[in-house]
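Asker: Sequence and predicted structure, then a few things I'm wondering about:
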Protein chains: 4
Amino acid sequence: MTERNIHVQPASGLAVEDQDIEVVERKGIGHPDTICDGIAETVSRALAQTYIDRFGTVLHYNTDETQLVAGTAAPAYGGGEVLEPIYILVVGRATKKFDGERIPAESIALRAARDYLDEQFPHLDLGSDVIVDVQFGEGSGDLQTVFGEEAAIPMANDTSYGVGHAPLTETEQIVRNTEQKLTGEYAESNPVVGQDVKVMGKREGDHIDVTVAVAMVDEHVPDLDAYKTAVSDVRAFVTDLAEEYTDRDVTVHVNTADDYDAESIYLTTTGTSAEQGDDGSVGRGNRANGLITPNRPMSMEATSGKNPVNHIGKIYNLLSTEIAQSVANEVDGIRQVQMRLLSQIGSPIDEPHVADATVVTEDGVAVGDVEADIQATIDDELADVTDITRQVIEGDLSTF
Amino acid sequence: MTERNIHVQPASGLAVEDQDIEVVERKGIGHPDTICDGIAETVSRALAQTYIDRFGTVLHYNTDETQLVAGTAAPAYGGGEVLEPIYILVVGRATKKFDGERIPAESIALRAARDYLDEQFPHLDLGSDVIVDVQFGEGSGDLQTVFGEEAAIPMANDTSYGVGHAPLTETEQIVRNTEQKLTGEYAESNPVVGQDVKVMGKREGDHIDVTVAVAMVDEHVPDLDAYKTAVSDVRAFVTDLAEEYTDRDVTVHVNTADDYDAESIYLTTTGTSAEQGDDGSVGRGNRANGLITPNRPMSMEATSGKNPVNHIGKIYNLLSTEIAQSVANEVDGIRQVQMRLLSQIGSPIDEPHVADATVVTEDGVAVGDVEADIQATIDDELADVTDITRQVIEGDLSTF
Amino acid sequence: MTERNIHVQPASGLAVEDQDIEVVERKGIGHPDTICDGIAETVSRALAQTYIDRFGTVLHYNTDETQLVAGTAAPAYGGGEVLEPIYILVVGRATKKFDGERIPAESIALRAARDYLDEQFPHLDLGSDVIVDVQFGEGSGDLQTVFGEEAAIPMANDTSYGVGHAPLTETEQIVRNTEQKLTGEYAESNPVVGQDVKVMGKREGDHIDVTVAVAMVDEHVPDLDAYKTAVSDVRAFVTDLAEEYTDRDVTVHVNTADDYDAESIYLTTTGTSAEQGDDGSVGRGNRANGLITPNRPMSMEATSGKNPVNHIGKIYNLLSTEIAQSVANEVDGIRQVQMRLLSQIGSPIDEPHVADATVVTEDGVAVGDVEADIQATIDDELADVTDITRQVIEGDLSTF
Amino acid sequence: MTERNIHVQPASGLAVEDQDIEVVERKGIGHPDTICDGIAETVSRALAQTYIDRFGTVLHYNTDETQLVAGTAAPAYGGGEVLEPIYILVVGRATKKFDGERIPAESIALRAARDYLDEQFPHLDLGSDVIVDVQFGEGSGDLQTVFGEEAAIPMANDTSYGVGHAPLTETEQIVRNTEQKLTGEYAESNPVVGQDVKVMGKREGDHIDVTVAVAMVDEHVPDLDAYKTAVSDVRAFVTDLAEEYTDRDVTVHVNTADDYDAESIYLTTTGTSAEQGDDGSVGRGNRANGLITPNRPMSMEATSGKNPVNHIGKIYNLLSTEIAQSVANEVDGIRQVQMRLLSQIGSPIDEPHVADATVVTEDGVAVGDVEADIQATIDDELADVTDITRQVIEGDLSTF
C-alpha cells in the first residue's frame, strides 16, 4: 500500500507510566526561556503571514534566536517598580527584498514581539519595563529561494530527526494542565498569579509530587498574610486539578523556597522573574509538546521561530507528536507509542529516511495485531505533512 | 550696590542687523539632531522631577547624550512603510540609589523618551518604527552628592561660559517662527507637513532668502500633484509669515532639492528623515536659544539633557540669554546686547568670574547713559539664578 | 554502609548498542551554538578564578547565556573577506562588589571571551571579524551569598536532575572522536579544515553512516579541485579513524550538500558558519558529555556558564556522567549503566533525593551480583562531589 | 580675472588679539568627544581609501556619528583596573555593494576604529577595556552615486557654510600647542600623562591664564607625592612652552579641582575620563581648526567623519581655514582675516555663492591696498578646492 519506509516495533522496555520513577517539567509562559520561545514563534508567524499576503508564498527566514537579558526590579507589597528594563534582542534572518519589493521584516518583528508581550503579560508595562531590539541579517544568498510553491512537497533541508509520543502519562497531563490553567483561567480571575509559573512533577511509584513555583504579582499582595493566602489558594487549586487526572496520591508544593520568617518570598512586579536576574533564550525549555520529559527521548531542536515550510527539525518534531497522537487515538490496544522521523537531506519531506514507531500494547494485544493499522495511520499523516506548516502559520499548533 | 564682577562695554563692530550678510539656521523638532535634543532634555526633566518627588532635592545625573541611528523606509504615495526601525540609544548617568532607596532611573528614562516621541511625532508608530534603548551608568562616586539644598546657591562645577544675545534680528525671528509654526499649528491642520522642517535664512543687505526643507508625510500625498500643492501651500504660508517680521524683500524656497521630472521628492512615511539615512545626536544643532547663528558668538555646549541644578555650561547659556532679553526689554536705547558669563570653578554660580555685556546703543544714546541700568538688570538676574533651574525642570524653558 | 538514597535496578530495555537504530550527533567547537557554549564556560571559569584569587571563595555569578548574531561574509578561492562582523553578546550576572572591593566582572568576561576566540579560531581576525559585547547584571540581592566555604558541602539551589551514561557506544565514540580529531590535530596540519565541523552518526543494525559537514577555509582552497581534494582527504581520515572504534561497516559522507556543477560548496573565510547566517546560543547543542544522543535520556540543562559551586543542574549532569564512567570502569560485568541524580532543594548536594543507576549487565551477570559494588562506587563519588567544582574551575572537565 | 563671487571687506570691530577678553579651549585627543571625532575621521579615511583602491573613486558614505558610553574604573596608586568597559558605537552609512562587488564597510570600520585606539591610547587595553560596535546602514538609494570622477568638480550637496580665520592669536597658539605637546612628545617621555588633556586659555588684557586638566595614569603614580610631582612638572613644562608664544604674563593652573587633603585627585587607569562617567560624541568639541573660540564665529558642523568628496560643510570649513592661512601668510599687512564660504546647492563647489573675507589690516595699511592680492589668493585656493579632499583622505589635514 505504501512505499514509505515505515517501521513498527515493540518497545524493549516498560511504558513510562509503568516505570518506577518519572520526572516531568514545564516552564510556564512567563518563564524567561518561554518568553523567548513565544516571541520567536510569534515573529515567525508574522513573517510567514506577511510573505503569504504579499507574494502568495513563504520566503526564506529563520527567527529562532531571541536573547532576553533580565532587568532589575524592586517588588513591594501593594506594588513595586521595575528599576532597569528587561532587554530583549530578537535575532534572525529574513528575506528583505523580493521581486523588486522590499519587505519590512524588522518592523514586522518588532511589532509582533511587542504585541505578543502586550497580550500575554498584563503586568508588564511596555512603555517602561522592556526594551525590544531587533537584529535581522539577510541570510545566505543561496538560501533565499522560494518555499511553498503550489502543491509541491518541499525537500528536506538537513539531516535531522523528530520524536513524539502519546498518550501523555498522568504526571505529564497534570504538569501541563497545571501550568496552562494557572496562567490561563486562574490568573484571569486571580491576578495575583503572574505568568511565570514553573511546574515540576515527580512520580515515585504511585506517589506524585507536584512542585509549583508561582511568581506572585506585588500589586495584588498587600502584605505577607495575603501572600500566604495566595499560596494556599494555588495549592488547593492544583490539588483539585491533579485529581482530575489521576487516582494516585498527589502532594502539591507551592513556592517551597520561601522563608516567611525572613520575609523572603517570590514576589514580582511584572509576574515574571525576567524582571530580576533570570535571563532567557529560545529552545532551552519546553520541547515541542510543551514538556520536558527526561524519561523519554527528546530532540535538542529549538523549534520555536524556525521556518515551518522547510525546517525539517521543526516539522518532524511537530509531526511525530501528531502521528503518535493519531496512532494512540485511532488504533485500539495501544498503551504507549513513540514515533521517530529521520529525514534524508534532499528528499521530499513526506518520505522520511526512516519512520519508526515503537509501541507498548495493552495486555493481550500483540504488536502484529495492530501493525497494519499503525502503518496506515502513519502513512496518512505523512501524506498530509504540509498541514503541519499550515497549522503553525495559522497559530493552531504550539511549539512550546 | 553690587559686588558682582559686571562689565558693560560698547561693541566694537556693527549690530548683526546692520551687517551685510547674515546667516541663520534652525533645525526643526523632527530633525534627527533635534529629536535627540528633545529626548535628552525630556529625560532630564523626568529624572529631576522624580528626585524632587521622592527626596525633595535633585540628585546627580546627566543625560546629555542620545544617539539616533537612522532606519530605512520606503515612502510611497498614499502611505509607505518603515522597513528597519530607527534605533535610539539614550546614554547618561544617574543616581540609582539614595538613602537606602533605589531609583528606577532607566525605566523613567525609557518611558519619558517614548512618551516624548509619542506626543511629538503623530506619524511615528512607536510599536514598529522605533527602538528605544537606554544605558545609564552610576557616574563617578564623588559626584553623587546632593544638589539643591534649601536656599543654597550651588558652586560652579567647571570653568565654562555661556553667551546670549537680544533682541533677535528680523531674519532670526523669521527662521524661528517659520519652524515653530510649521511644525505646530500648521502641521496640526495640514498633516501632510512632517516634523522634520529645516529652515535656513540668509540676508544679503535688504534681501532675505528663507530656504525651507519640509519632510512631507506620504499618507497625505496621493500623488505628485498633491505634493506640488503641499509645497506651494507651505511657500505661501511662510511668505505671509515672514512679512509679519520684516519689511525687507523676502524670497521663500521650499524643498529646492526636489526634481519633479525624476519624481525625486522629499517624501517620508513618518515625517522625519530619521526614518532613512539621517543619524542624529545631542548638541549638534540649535543652540539654547533655538537657533544657529554664525554671525554671533556661540557656545559649543550641548545644553539639552544636562543637569540644570549645577551644570554651569547649561545654566550660563540659558541665563545669559535671559539677561540679554531683560536688558533689551527693560533698558531704553538698546539696539543689541550680547551677554557673556564666565564661571569660576568652586565659586557660587551667582558670582561669575566675569559677566560682560557688549552693547550697541541706538543713535544718540551713549553706553555710559545706560550702563547703570544694564548693570542693575544683570545683577537682579544673577541674584535670581536658581530660577533658571526651576524653569528648566518645569519645562518652561526650552534648550533647543 | 551509606545513608544516601541510592537505587540500582536493571534496565527494562535493550542496551543502546543493541538497539536497531541509533542516532548520535556532535556540533563541533566552531558551530555557532558551541562557540557560545565555549565562551560561556570560559567566562565562568575566569570569574571563578578571579573570585578565588581575590577572596579565597567563589561568589555568586551565572554566565550561561551568550547570543551570537551571525555576520556576513564573501568567501572566495584563495581568501575572501568578512563583510559584516559577527556580533557576540555575553550575558550574565555577577557579584561586582564584595567586602568593600569592586570586581571588574565585565572586563574579565570581555577578555576571557576574546582570548578564547583568539586561541580556538586561527582564521578569525579579532580586530575586524567579531564584536564582543557584555551585559552583566548584579543578580538578585538575596543570591549574592558566598559559596565554597572551607569544607562545607553546598546546599542544592533548585529541584533539578542530571543524567549520565557509560560506556559510549561505538557510534558515539566515532562521532565524538571524529570532531575532536578533525578540529584538533588534523586541522593543525591541514589548515583548510575550519573549526565548524558537525558530525552526525546513524547506525542501522550493523551499518554506521558518518555524515560530516566541514567548513573549509577559503585561504587554503585555491580552486574547486583543491576543495575536492580536501573533501576526499577528510573522508579518508574519518574512515580510518572510524575503524579504530568498530568492526561494523562504516560509510563516511563529507559535505553532502555540495553541488560541484553549480560550484555551491561549503567554503568559509573564518572556518565557521557564524560568519554567514548561522546564529547561535548556549545550551542548544551538545550535552555535558559532548554529544546529542536521542536514544538516551538527556537533560535540557544548559550547563556551560553555570556556576559550578552550587548550580545543581550543572553539577549533577557532570557528576552523573562521572559516576557512570566509574561504574563502567570499576565494576566487572557491566554492559551499560545510566545514572540519574535528582536533587532536593535545600539539602546538601552530596545527598541527592534519589540516585538511581539503571544497568544492563553482561550475559551471565545478574544485577544482584554487582549491586553492592555499584552502590559503593556511587557512594564514593557522591562523597567527593565538590571535586566536580574543582575540575570545572581548573578547566579539566568540559561541559560541551 | 575671476568670476567667482569674492568679497573683501574691513572688519567692523577689533581684532581678537586686541579685544579685552579672549577665551579659547581645546579638548585633547583623549577627551571622550575627541575620541569620537578621531574614530569617526579615521573610519572615514579607511572607507575612502578602500573605495579608491577597489573602484578608483570614492563612493557614498558618511560616518560622522560615534557614541561613546563611559565605562567604570577603579584607579589606584601603582595601577588600578577598568571595571566595566567603555562602549563605543560607530554609526554611519556606506555603500556596501558596487558594480556587483560587496564592500566590507563594517569590518573596515571596526578595524580602523580599533587600530586608532590602539595607536593613540597606550594605556587602554583593547582586549578588556573597550567594546567597539558598528551599525552601518546603506544610506538612501538616491545618494549612492559615485563621487570623484576624474577632473570633475563635485556639486554642493547642501546649502551650508564654512568659516576660518588666521593667524592664531597668542592665546590660541598656546592652547593648541599645550595640548599637542603634552599628549605628544611630553607623554612619550612622561607616561604618567594620559591622553585626556583639556586646556582652557583665558586672556584678560595682557594676562593669560592657562588652565590644564591632565588625566594622570595610575600605573605611573606610586603615591600622592609622585602625583604632586607630576602636576608640578606639567606646570613647569606648560609655563616654558607658553613663553615661546607670548611676552604677556602667563599663569598656568594644573588640575585645579584636586583636593590633596581628601586625596581626591585626577587619577585614571587608561589616561582618559571615558573610563569613568564621561560620555562622548562627534562634533561637540573642537572645530575643524582644533580649537573652540567663542570670540570668533564658529560653524556647528561636525566635520569629523563626513565624506570629504562632496560634504560641503566639511570642505568649506577646512578650506576657509586654509584660505585664511594663505592670505595671512602671503599678503603683507594683514593683522587678522576671517574667511567665510557659503555654498549654493547644485553649483560646483569651487564656485561658492559668496566667499567673503573680513580683514583687519596693520596700521598704515588700507584694505583697498591689499584687496586684489587677497582676492587672487582666494581665487587660487578655490580653484584648487579638490586638494582639500585629497589631503583629508591621505590624513594630512586634521578635522579636530
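Answerer: Now that the structure is in, tell me what you want to look at.
Asker: Buried residues of the longest helix anywhere in chain A, list them for me.
Answerer: Using DSSP state H, we find that the single longest helix of chain A is helix A:32-55. Residues A:32-51, A:55 are the ones in helix A:32-55 that count as buried (16 or more other C-beta atoms under 10 Å in any protein chain shown). For the C-beta atoms, the positions are set from N, CA and C on the backbone; glycine is no exception.
Asker: Checking the closest residue to chain D within the stretch 301-400 of chain A next. Helix, strand or coil?
Answerer: Residue of the stretch 301-400 of chain A nearest chain D, by C-beta to the nearest C-beta: A:Gly305 (23.1 Å). Recorded secondary structure, A:Gly305: coil (DSSP: H, G, I helix; E, B strand; the rest coil).
Asker: Surely it is in contact with A:Asn62?
Answerer: Yes. Using C-beta atoms under 8 Å, A:Gly305 is in contact with A:Asn62, at 7.0 Å.
Asker: Do a quick rundown of the helices in chain A.
Answerer: Under DSSP H, chain A gives helices at A:32-55, A:105-120, A:170-181, A:187-189, A:224-243, A:312-330, A:367-383, A:386-394.
Asker: separation between A:Val91 and A:Thr303?
Answerer: Distance from A:Val91 to A:Thr303, counting by C-beta to C-beta, to the nearest Å: 16 Å.
Asker: can you check A:Ser189 too?
Answerer: Separation of A:Ser189 from A:Thr303 (C-beta to C-beta): 32 Å.
Asker: Name the residue in these two with the higher neighbour count.
Answerer: Counting neighbours by other C-beta atoms under 10 Å in any protein chain shown for A:Ser189 and for A:Thr303 shows that A:Thr303 has the greater number, 29 against 7.
Asker: which residues does the more buried one contact?
Answerer: By C-beta atoms under 8 Å, 6 or more residues apart in numbering or on different chains, A:Thr303 lies in contact with A:64, A:283, A:287-288, A:313-314, A:317-318, A:399-400.
Asker: Which of those residues sits closest to chain B?
Answerer: Taking those together and measuring to chain B by C-beta to the nearest C-beta, the closest member is A:Asp64, at 20.3 Å.
Asker: Grab the nearest non-local neighbour of that closest one.
Answerer: A:Gly305 (3.4 Å; C-beta to C-beta, 6 or more residues apart in numbering or on different chains).
Asker: need the contact list for that neighbour.
Answerer: By C-beta under 8 Å, 6+ apart, the residues touching A:Gly305 are A:37, A:40-41, A:43-44, A:62-66, A:92, A:282.
Asker: List just the nearest of those to chain D.
Answerer: Nearest to chain D, judged by C-beta to the nearest C-beta, of the contacts of A:Gly305 is A:Gly92 at 17.0 Å.
Asker: so how many other residues sit close to the closest one?
Answerer: Burial measure for A:Gly92: 28 neighbouring residues, criterion other C-beta under 10 Å.
Asker: quick one: it from chain B, how far?
Answerer: Taking C-beta to the nearest C-beta, to the nearest Å as the criterion, A:Gly92 is separated from chain B by 13 Å.
Asker: Was I right to think A:Met339 contacts A:Asn317?
Answerer: No. A:Met339 sits out of contact with A:Asn317 when judged by C-beta under 8 Å, with a separation of 10.3 Å.
Asker: overlap in contacts of those two?
Answerer: Joint contacts of A:Met339 and A:Asn317 (C-beta under 8 Å, 6+ apart) are A:163-164.
Asker: what's the domain layout of chain A?
Answerer: Chain A breaks down by the TED database into domains covering A:6-15+A:157-168+A:284-394, A:32-145, A:170-281.
Asker: Establish whether the last one and chain C are in contact.
Answerer: Read that as domain A:170-281. Yes. With C-beta under 8 Å from any C-beta of the partner chain as the criterion, chain C is reached by domain A:170-281 at A:200, A:202, A:204, A:211, A:256-257, A:264, A:276-277, A:279-281.
Asker: What about the residues you listed, which one has the most neighbours?
Answerer: Among those, the one with the most neighbours (other C-beta under 10 Å) is A:Ser281, at 31 neighbours.
Asker: what is that one paired to in the beta sheet?
Answerer: Counting by DSSP bridges, A:Ser281 forms beta bridges with A:Gln67.
Asker: Identify the residues contacting it.
Answerer: A:33, A:36, A:65-68, C:65, C:67, C:281-283 are the contacts of A:Ser281 under C-beta under 8 Å, 6+ apart.
Asker: Centre of the chain to stretch A:127-134, how far?
Answerer: 23 Å (C-alpha atoms, centre = their mean, to the nearest Å).
Asker: Could you confirm whether that stretch reaches chain B?
Answerer: Yes. Judged by C-beta under 8 Å from any C-beta, stretch A:127-134 comes into contact with chain B through A:127-129, A:131-134.
Asker: Need the contact partners of that stretch.
Answerer: A:71, A:82, A:85-90, A:106, A:109-110, A:113-114, A:117, A:124, A:270, A:275, B:85, B:87, B:104, B:107-108, B:110-111, B:114-115, B:131-134.
Asker: Filter the residues you listed down to the buried ones.
Answerer: By 16+ other C-beta under 10 Å, the contacts of stretch A:127-134 give A:71, A:82, A:85-90, A:106, A:109-110, A:113-114, A:117, A:124, A:270, A:275, B:85, B:87, B:104, B:107-108, B:110-111, B:114, B:131-134 as buried.
Asker: now the end-to-end length of stretch A:330-337.
Answerer: Start and end residues of stretch A:330-337 are separated by 12 Å (C-alpha to C-alpha, to the nearest Å).
Asker: Could I get the pLDDT score of A:Ser12?
Answerer: Per-residue pLDDT puts A:Ser12 at 84.
Asker: should've said A:Ala151
Answerer: Taking A:Ala151 on its own, its pLDDT is 55.
Asker: one step back: out of the contacts of A:Ser281, which is nearest to A:Leu382?
Answerer: Comparing the contacts of A:Ser281 against A:Leu382 with C-beta to C-beta places A:Glu65 closest, at 29.5 Å.
Asker: okay, now the closest one: neighbour count?
Answerer: 30.
Asker: ok, it - contacts?
Answerer: Listed by C-beta under 8 Å, 6+ apart, the contact set of A:Glu65 reads A:40, A:90-92, A:281-282, A:305, C:67, C:69, C:279-281.
Asker: Could you do A:Ala76 as well?
Answerer: By C-beta under 8 Å, 6+ apart, the contact set of A:Ala76 is A:218, A:267, A:269.
Asker: just the residues you listed now: which is nearest A:Ile292?
Answerer: A:Ile292 lies nearest to A:Leu267 out of the contacts of A:Ala76, by C-beta to C-beta, at 26.0 Å.
Asker: Show me what that closest one is bridged to.
Answerer: A:Met216.
Asker: Neighbours of A:Asp350, how many?
Answerer: Neighbour number of A:Asp350 under other C-beta under 10 Å is 17.
Asker: Just want to check the distance between it and chain C.
Answerer: Taking C-beta to the nearest C-beta, one finds A:Asp350 at 20 Å from chain C.
Asker: ok, and the closest non-adjacent residue to the residue of chain A found nearest chain C?
Answerer: With C-beta to the nearest C-beta as the measure, A:Gly13 is the residue of chain A nearest to chain C, at 3.0 Å. Once flanking residues are discounted, A:Gly13 sits nearest to C:Gly13: 3.0 Å by C-beta to C-beta, 6+ apart.
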